[in-house]
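> Build the 3D model from these lines:
(2 chains)
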Amino acid sequence: MTEALRIRGLAKAFDKPVISGLDLDIAAGQLYALLGPNGAGKTTTLRMVTGLTRPDAGSIHIFGVDALADPIAAKAITAWLPDEPMLYDKLSPLEYLAFVAGLWRMDPQVASEEAERLLHWLDLWEQRDTRCEGFSRGMKQKVALAGALIHDPKLLILDEPLTGLDAAMARAVKDALREQVDRGKTVIVTTHILEVAERMADRIGIIGGGKLLAEGTLDELRDRAGTEGMTLEDTFIRLTSGA
Amino acid sequence: MTRLVPGSFAWLASHELRLAWRGRRRGGKRQALALVLLGLYLAAGMAVAYFLMGVPIDYRAEIGIGILAASVVALSFMTTQAILGSQQTLYESRDLDLLLTAPIEGRVVLLAKLAGIAGAIALTYAGLLLPVVVPVAILGHPHLFGVVALLLALALTAAAIGIAVTLVLASVAGPRAARTVGQVAAAVLGGALFLFSQLSHGGQGRRSSFVVIFEDLRAWGWGETGWSGLPGHAAFGDPVSLAILLAIGVALFAGTGAVLQRLFLSGYQDAGMRLSRSRPTGKASARLFHAGLFRPVLAKEWRLLARDPGLVFQVILRLVYLIPLMLVAFRGSGGLIAPGLAFASVLVATQLTGSFAWLAVSGEDAPELIAVAPVHKQRVDQAKLAAALLMAAPIAALLPIAIATVGRSPLGALVSLIATAIGGTIAGYIELKLAKPGQRSAFAKRRGGSAIAGILGMIVAAIFGGGAAAIVYFIG
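Numbers count the residues shown, from 1 in each chain, chains lettered A, B, ... in the order given. Sure, this is the predicted structure:
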């Protein structure tokens, strides 16, 4: 099985250690949910994977590409969607996508067609020439998602993608993520909404104290925590209570 | 605030004034440096006061004209500041939602906001005037306390005019256009008096246009009696003049609250729904997509710069101040005109390119997007610097063109152009290397964010501007 992400001995400290010797393997073609209490190091881990934060130690491979030795090649196949959308208020969705396509050096014809497809698919076509400054948070999140998808990444990483979205918008984003997985992409999400992980994720990893506390399918996690028949919330609390 | 009735105008105004005061405060070393400079200025003011202690300072027509002129100039700058402050209040401050959903009359909120704007203006000019005026007034010239009241009257008047201009523009032109038009109006107003002085009196020999205006006003009897003498007499503590000017200021202030309340509320409500116009382009969307890195970066930077009302203000202000220089070139015949223009050309180019480079490189609203893209940051920065240079080029080329056409010195123009291009590039490169990252909205304070880059930019301007001026002078 192809590995989308392979992390070994990852460590990062700011004032105090945040990540300490993290090992993580995520297979390609999965939706992987990374859970953990506040301050567990989820976002720090993902920022190191995307090249935004330099690790103190360890290695990161994305589809076999050493992300620390060859960050450009790793970034070319990765997309990052933080909880605060990386947008320009004064650009329209179409202009934003044109800029993102330029950063990823896409062929203009391909990029243009893909932008149109994404804007239609995310129900943003009517607003394609409207500046983002007046958009709701959900609309901004969808524009940012279009930006993350336009260059057809093999690995899509999202930090709290559903925060602040209404039910319909959250459903649209969840459907979009599921569709990406169905198309063979790998999606990693962090979320505080355990119901999302429970319903959507193929596998779940739980981080605590800078390490991977548990990892597996929901049933595997329940077995490990001894919470058969209980919710992920019960399992999560049981597994993280000592972290 | 404990003694004021919560929700009253005074209570809300004191809140706004506190915000205005805290908005001026800087942390750490900058705060300490500001205090040291203020202390030195105050010491200088006290020295002046000591030397003037026994010297009678009596009102004369010349002084009256000087105070009248200073008041008009100050009112112009204050109104510019008020327009910008009003725009910030209406479109950028986030507390209006809170204030307007509280059980407080809209008129009271508007008046409190006006008080905040007037307070911010008064604070700016108080820092310049009071360290000198107050010691002089205390040490034997108490009538000069009238300057404080004059300052207050001017600040109230400017705040009322500023918010009225902003609200009327928002009503007539709509919220989107109002921001840009307001910034343009503020820029033109800020430079209007300078421009007017040059346009109306710039051609009378070698005498300064300001001297010409002053002599004309004295010949017409201005500054002695009547309305033209009001600011001067008020500054010298004349109670009637003070009462009239303060009454005008307070009446405008209160009248604005009463008359413009509805416009204020509708302006704010429109501002909250400032969805941009949608212009469906159909299949033409392909025109936005370009191969390579440079064109997408250039297109993005150009759009962001062109759609930034604050930047429009800055650029137009620079252009307004360029016009008198161009007029000098058209009217003058002295041998120092072309070198002077060469120096000014480099100065303008370095300032403009530095500003654009800061906006493009440091004022990046989505730095993480650039960071996660599969491109070296250095290449993106180079593309941004090139974009900044391209955007500055049309304005930076104006003065070399004037040297070539009006100054009849094509070679001088070429030298100026080369020095302008090199100076601008280096200034942009300095910003690229030294500027601290920040939000685009911090553009107006950018020099505060990177003092070293600012100083180096001025040194580059002096070296290349001086060099260009010297060469242009020697090649005739």
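
> OK, contacts around B:I370?
A:L103, B:E364, B:K377, B:V380 (CB atoms under 8 Å, 6 or more residues apart in numbering or on different chains). In this view, the C-beta of every residue, glycine as well, is placed from N, C-alpha and C.

> which one is whichever residue of chain A sits closest to chain B nearest to, not counting chain neighbours?
Per CB to the nearest CB, A:G102 is where chain A lies closest to chain B, at 2.3 Å. Closest residue to A:G102 apart from its sequence neighbours, by CB to CB, 6 or more residues apart in numbering or on different chains: B:P296 at 2.3 Å.

> Just the element for the one you found, please.
Counting by DSSP states H and E, the element that carries B:P296 is helix B:294-306.

> Could you measure from A:A4 over to A:G41?
20 Å (CB to CB, to the nearest Å).

> A:A144 now?
With CB to CB as the criterion, A:A144 and A:G41 are 23 Å apart.

> now do B:L252
B:L252 is 58 Å from A:G41, by CB to CB.

> Please say which of those two ends up with more neighbours.
Between B:L252 and A:G41, A:G41 has the larger neighbour count (other CB atoms under 10 Å in any protein chain shown), namely 24 against 19.

> That one against A:L24, yeah?
No. Counting by CB atoms under 8 Å, A:G41 sits too far from A:L24 to count as a contact (11.4 Å).

> where exactly do the helices run in chain A?
A:42-49, A:71-76, A:93-103, A:108-121, A:137-149, A:167-182, A:194-200, A:218-225, A:232-240 (DSSP state H).

> Put together CSV for these, with mean pLDDT and mean neighbour count on each row.
Shown next, in CSV, are the helices of chain A (pLDDT from 0 to 100; neighbours: other CB atoms under 10 Å in any protein chain shown):
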stretch, mean pLDDT, mean neighbour count
helix A:42-49, 90, 24
helix A:71-76, 90, 19
helix A:93-103, 89, 26
helix A:108-121, 91, 18
helix A:137-149, 89, 23
helix A:167-182, 86, 16
helix A:194-200, 82, 17
helix A:218-225, 82, 17
helix A:232-240, 79, 19
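
> So for B:V181, which of these sits nearest?
Of all the helices of chain A, it is helix A:93-103 that lies closest to B:V181, at 23.3 Å by CB to CB.

> Contacts for the closest one next, please.
Contacts for helix A:93-103 (CB under 8 Å, 6+ apart): A:87-88, A:91, A:108, A:111, A:114-115, A:118-119, A:124, A:127-130, A:132, A:143, A:146-147, A:150-151, B:281, B:285, B:288-290, B:292-293, B:295-297, B:299-300, B:303, B:369-370, B:373-375, B:380.

> let's see it at 7 Å
A:87-88, A:91, A:111, A:115, A:119, A:124, A:127-129, A:132, A:143, A:146-147, A:150-151, B:285, B:288-290, B:293, B:295-297, B:299-300, B:303, B:373, B:375 (CB atoms under 7 Å, 6 or more residues apart in numbering or on different chains).

> same thing with stretch B:139-153?
Under CB under 7 Å, 6+ apart, the answer for stretch B:139-153 is B:49-50, B:53, B:57, B:122, B:125-126, B:129-130, B:133, B:136-137, B:231, B:234-237, B:242, B:245-246, B:248-249.

> State the mean pLDDT of it.
The average pLDDT for stretch B:139-153 rounds to 91.

> ok so, going back, buried residues, the helix holding B:P296. List them.
Going by neighbour count (16 or more other CB atoms under 10 Å in any protein chain shown), the buried part of helix B:294-306 is B:F294, B:R295, B:P296, B:V297, B:L298, B:A299, B:K300, B:E301, B:R303, B:L304, B:L305.

> can you check stretch B:10-17 too?
For stretch B:10-17, by 16+ other CB under 10 Å, it's B:W11, B:L12, B:A13, B:S14, B:H15, B:E16, B:L17.

> Same question for stretch B:137-144.
B:A137, B:L139, B:H141, B:L144.

> returning to that earlier point: pLDDT (mean, whole number) over the helix holding B:P296?
85.
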